[in-house]
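Undergrad: With the sequence up front, the predicted model follows.
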Amino acid sequence: MDTKDFEQPGADAIVATVQREISNGPTILFHDAGGDRAQTVDALREVLPWLKEQGYSFGFPVR
């Protein structure tokens, strides 16, 4: 699921996208390049605890 945070829609919009689209798959794409990522960081501060409350756990892709 692509949060499209690179479009800088605001932290609230990023959070809403995750909450709306999480049922489409457990992989969430955030971007860490291309300028100011403050909105993404703010969204993660809300999204990560919410996901944990929903029963999700976190991992990283293995190469």
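TA: That came through, no problem.
Undergrad: and stretch 25-37, average pLDDT?
TA: In this model, stretch 25-37 has an average pLDDT of 85.
Undergrad: cool, stretch 50-63 as well?
TA: 88.
Undergrad: do the same with stretch 8-17
TA: 96.
Undergrad: in it, what's buried?
TA: Along stretch 8-17, these residues count as buried under the neighbour rule (16 or more other CB atoms under 10 Å): 8, 11, 13, 14, 15, 17. Bear in mind the C-beta positions are built from the backbone N, C-alpha and C, glycine included.
Undergrad: got a list of what the residue nearest to residue 12 when sequence neighbours are not counted touches?
TA: Excluding its sequence neighbours, the residue lying closest to residue 12 (CB to CB, 6 or more residues apart in numbering) is residue 43, at 8.0 Å. Contact partners of residue 43, counting by CB atoms under 8 Å, 6 or more residues apart in numbering, are 3, 5, 11, 12, 14, 15, 18.
Undergrad: The third one is in contact with residue 39, isn't it?
TA: Yes. Counting by CB atoms under 8 Å, residue 11 touches residue 39, with 4.9 Å between them.
Undergrad: is it true that residue 27 lies in a helix?
TA: No. Using DSSP: H, G, I helix; E, B strand; the rest coil, the assignment for residue 27 is coil, not a helix.
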